[in-house]
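S.K.: Next one to model:
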Amino acid sequence: MNEEQIKKLLLAVGIVFIVVFFLFPFGWMVIVSFSASPDFLIKGNLSFTLSNYKDILSIRSLHFLNYLKNSLIISGIAALSSALIGALAAYAISRFKFAGKMLIVLGVLALSMFPQISIVGYLYKFMTRLRLINTYSALIFPYIAYSLPLALWILLSYFSRIPLEIDRAAQVDGASRLQILRKVILPIALPGFVSAVLLLFMFSFNEFLFALMLTTDFRARTVPVGIALFQGLHGEIPWGYIMSASVVSTIPVILIALLAQRYIIQGLTGGAVKE
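M.R.: Numbering: from 1, shown residues only. This is a model prediction of the structure:
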């Protein structure tokens, strides 16, 4: 076996290891979700059933559909709003010349490094005074603020690659700055914008701490907190419900990733414009 074959073999082994490493937890989650008893390894009998899925979708006291609806609405609004605000900021920073421009960018990035636990107490008091606890707004506004640095950095990298001559040509035709951003820049940077929206959606969809502290019941509680608070009649942990709910809640994210993969690949590999 020559050196080239050894490299290919090691590459194949590495790829297989990575795929198994990442897919095994998901596969185990799916198996447990279809299992009548989560301790089937101890008992030695594996019996498949759909009762876990039927229960989480039909038992109203679990409120799983409410949690899923809340997550989709809150994450969608927060992701799209953060991406649009980030687009405005990225366009201004990439197009206008003013003092301290990079300090603003670095300052926004520095603010995003503060851990959530350090601000959640103050955020709870603030939302309590505004009487927003257990509402969509109590999560949407923090999600927008906390994910905005990510949106800014992603979109700034794309907008910076677009030549300024495109803006000047649009201005000669009588377009305003907002029209240039909406009709010229965003279509060119569409892969980056879609990638930003998807990443922001996944961040908001999976966020746990803010959703735990700022919601109290199913009217605004999101899927991660709702699943974590699942309990049986006698306080036991219903692993079948937890795993089946986790499988169902990952479907929207998987579908979005599959539908938007063309834009994501273009954004990660092609860039905004060709050299």
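S.K.: Please count neighbours and contacts with C-alpha atoms only from this point.
M.R.: OK.
S.K.: For residue 48, which residues are in contact?
M.R.: 34-36 (C-alpha atoms under 8 Å, 6 or more residues apart in numbering).
S.K.: Tell me where the model's unsure across the stretch 1-150 of the chain.
M.R.: 1, 39-45 (pLDDT under 70).
S.K.: Tell me where it has helices.
M.R.: Along the stretch 1-150 of the chain, the segments classed as helices by DSSP state H, counting those that start in this stretch run 3-33, 40-43, 51-58, 64-95, 101-111, 120-129, 136-159.
S.K.: Residue 181: which of those is closest?
M.R.: helix 64-95 (7.3 Å; C-alpha to C-alpha).
S.K.: Just want the angle from that closest one to helix 136-159.
M.R.: On the basis of axes from the mean of the first three to the mean of the last three C-alpha atoms, to 10 degrees, helix 64-95 is oriented at 40 degrees to helix 136-159.
S.K.: For helix 64-95, which residues meet the burial criterion?
M.R.: 64-72, 74-94 (16 or more other C-alpha atoms under 10 Å).
S.K.: what's the neighbour count on residue 26?
M.R.: Residues contacting residue 26 under the criterion other C-alpha atoms under 10 Å number 15.
S.K.: swap in the one 4 residues further on?
M.R.: Here the count is done by other C-alpha under 10 Å, and residue 30 has 17 residues near it.
S.K.: What of residue 247?
M.R.: Residue 247: 17 neighbours (other C-alpha under 10 Å).
S.K.: element containing it?
M.R.: helix 239-259 (DSSP states H and E).
S.K.: Would you check how far apart residue 12 and residue 154 are?
M.R.: 32 Å (C-alpha to C-alpha, to the nearest Å).
S.K.: which one of those two has more residues nearby?
M.R.: Between residue 12 and residue 154, counted using other C-alpha under 10 Å, the more crowded position is residue 154 (21 against 12).
S.K.: correct me, but that one touches residue 196?
M.R.: Yes - counting by C-alpha atoms under 8 Å, residue 154 does reach residue 196; the two are 6.4 Å apart.
S.K.: Dead centre of the protein: give me the residue that sits there.
M.R.: Of all residues in the chain, the one closest to the mean position by C-alpha atoms, centre = their mean is residue 202, 1.2 Å from it.
S.K.: tell me the contacts of that residue?
M.R.: Residue 202 neighbours (C-alpha under 8 Å, 6+ apart): 75, 253.
S.K.: tell me the pLDDT at it?
M.R.: On the pLDDT scale, residue 202 is placed at 87.
S.K.: Could you shift the numbering so residue one becomes 444, and keep it that way?
M.R.: Sure, I'll start counting at 444 from here, so that last one is residue 645.
S.K.: what helix or strand does it sit in?
M.R.: helix 633-649.
S.K.: Following element in sequence after that helix, please.
M.R.: Using DSSP H and E, the helix or strand that directly follows helix 633-649 along the chain is helix 652-657.
S.K.: separation between residue 613 and residue 560?
M.R.: Applying C-alpha to C-alpha to residue 613 and residue 560 gives a distance of 46 Å.
S.K.: These two - which one has more neighbours?
M.R.: Neighbours were counted for residue 613 and for residue 560 using other C-alpha under 10 Å; residue 613 has more, 16 against 10.
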